[in-house]
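Colleague: I would like to see how this sequence folds:
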Amino acid sequence: MEIFGHPDFDGHEQVVFGSDTAAGLRAIIAIHNTHRGPAMGGCRVFPYAGEAAALRDVLRLSRGMTYKSALAELPVGGGKAVVMANPGRDKTPALLAALGRLIDSLGGRYVTAEDSGTTVADLRTVAQETPHVTGIRERRGLDGGIASGDPSPATAYGVFLGLQVAVAHRLGRGLEGLTVSVQGLGAVGWRLAEQLRAAGARLQVSDIDGERVARAVRELDARPVAPEDIATEPADVLAPCALGGVLNASTVAALRVAVVAGAANNQLDSPAEDEALRRRGILYAPDYAINAGGIIDVAFEHLGDYDAASVRRHIERIPRTLDIIFRRADAEGLPTGTVADRLAEERFRAGAR
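Modeller: Numbering: from 1, shown residues only. As a prediction, the model looks like this:
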């Protein structure tokens, strides 16, 4: 398996494979860039089909974290960890402890946090082996209540704000009466759906968990759509909030929306889809720009100056960043993802040591 010649290798500073046979740990940690500070990014536990799939995911996700943190103007770099395991069956205390020891061996170059397949409780187990963990403290949340450290409310809030500015830019209107297709009703997707409904949007929803869909129908007056159909269902906005790669050649050609703005990472299957969306007149809110609320939340905790009001104000910069991206893209005739990349690179390369 190639690393340096891998199509998703992007000058990563370090790629570490970790194994603990007794604990059942098979993990990859990718540190993409530390020019602005230690590499920060969540740990994903997923039953990958093989090492090649896990490597592709960690390389793409870690690069995205560098760009996300730079656009969010945070003093951290980009990294990610993936564990090849079934989170419902294999995620034992021994595995999590072994993961903690692997992270600790990197000496603080990588700081982990919650991601798909991990919980705050899991990360607290990891933190028994290493201090390089964030998003685990109980603290005052964005809504004024006590938060567990879960960054999903912050992510959802940032996506909601970003979706609003995307709709205003492309459609010149607010959310009242708008139809939004929410793909994925996990921790972030559900909170986003709640906020959209409260703002007067009409919802179409899908999830592989039928009970989540049934709950959205009951509580949010949502219309259920089969998971295989949600990306091509007619709507004003598609909000991808599940796993990445939803915007591939076939789905982009079949989209019937004006805006794509959601929480999922790595929504573009390849850079070609960025240009394809532009040619179709579909406004794409680059995922790592719009979904930065979570990394803002956990970065503030790690930096030791967590204050809910300050975190909220920082998240509320996301619409401004998106507005810069959209205006530049219009002026230069470029896809929004390309413009977002260039803006992020201006910011993290300026900090190169």
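Colleague: Just say helix, strand or coil for the residue nearest the centre of the chain.
Modeller: The chain has residue 265 as the residue nearest its centroid, 4.1 Å off, counting by CA atoms, centre = their mean. Look at residue 265: counting by DSSP: H, G, I helix; E, B strand; the rest coil, its state is coil.
Colleague: Low-confidence bits of the chain, can you list those?
Modeller: Under the criterion pLDDT under 70, the flagged ranges of the chain are 139-148, 350-353.
Colleague: if you go through it in chain order, where are the helices?
Modeller: 51-71, 93-104, 120-126, 152-171, 187-198, 210-220, 249-254, 271-279, 287-290, 293-302, 308-315, 318-332, 336-349 (DSSP state H).
Colleague: Could you give the number of residues near residue 157?
Modeller: If you count neighbours by other CB atoms under 10 Å, residue 157 ends up with 25. Quick note: C-beta positions are derived from backbone N, CA and C, even for glycine.
Colleague: residues contacting it?
Modeller: Listed by CB atoms under 8 Å, 6 or more residues apart in numbering, the contact partners of residue 157 are 142, 191, 195, 293, 312, 315.
Colleague: at 10 Å what do you get?
Modeller: Taking CB atoms under 10 Å, 6 or more residues apart in numbering as the criterion, residue 157 is in contact with 142-143, 188, 191-192, 195, 293-294, 296-297, 311-312, 315-316, 318.
Colleague: Could you identify which of those has the most neighbours?
Modeller: residue 297 (31 neighbours).
Colleague: Could you report the separation of it from residue 286?
Modeller: Separation of residue 297 from residue 286 (CB to CB, to the nearest Å) stands at 19 Å.
Colleague: what does residue 326 give?
Modeller: Distance, residue 326 to residue 286, using CB to CB: 10 Å.
Colleague: which one of the helices of the chain lies closest to residue 23?
Modeller: Residue 23 sits nearest to helix 93-104 of all the helices of the chain, at 3.8 Å, using CB to CB.
Colleague: Could I have the CA atoms of the closest one written out in CSV?
Modeller: In CSV, the C-alpha atoms belonging to helix 93-104 read as follows (Å, rounded to 0.1, in the frame of the first residue of the first chain):
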residue,chain,number,x,y,z
PRO,A,93,-12.2,-0.1,27.5
ALA,A,94,-9.0,-2.0,26.6
LEU,A,95,-9.2,-0.8,23.0
LEU,A,96,-9.8,2.8,24.1
ALA,A,97,-6.9,2.6,26.6
ALA,A,98,-4.6,1.3,23.8
LEU,A,99,-5.7,4.1,21.6
GLY,A,100,-4.8,6.6,24.4
ARG,A,101,-1.3,5.2,24.7
LEU,A,102,-0.9,5.5,20.9
ILE,A,103,-2.0,9.1,20.9
ASP,A,104,0.3,9.8,23.9
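Colleague: who's in contact with it?
Modeller: In contact with helix 93-104 (CB under 10 Å, 6+ apart) are residues 16-29, 43, 45, 79, 81, 83, 85, 91-92, 109-112, 118, 121-133.
Colleague: where's the nearest residue to residue 78 once chain neighbours are set aside relative to residue 13, distance?
Modeller: Counting by CB to CB, 6 or more residues apart in numbering, residue 78 lies nearest to residue 66, which is 2.8 Å off, once chain neighbours are set aside. Using CB to CB, we find residue 66 at a distance of 10 Å from residue 13.
Colleague: any shared contact partners between those two?
Modeller: Common neighbours of residue 66 and residue 13, using CB under 10 Å, 6+ apart, are 31-35, 39, 77-79.
Colleague: Can you add distance to residue 155 and give the residues you listed back as CSV?
Modeller: Shown next, in CSV, are these (distance: CB to CB, whole Å):
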residue, distance to residue 155
31, 22
32, 20
33, 21
34, 23
35, 24
39, 19
77, 19
78, 16
79, 18
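Colleague: Show me these that map onto strands.
Modeller: Using DSSP state E, the members of the shared contacts of residue 66 and residue 13 that fall within strands are 31-33, 39, 77-79.
Colleague: Name all residues that make contact with the closest residue in space to residue 158 that isn't next to it in sequence.
Modeller: Nearest residue to residue 158, sequence neighbours excluded (CB to CB, 6+ apart): residue 293, at 2.9 Å. Going by CB under 10 Å, 6+ apart, residue 293 touches 72, 142, 151-162, 188, 263, 311-312, 314-316, 318.
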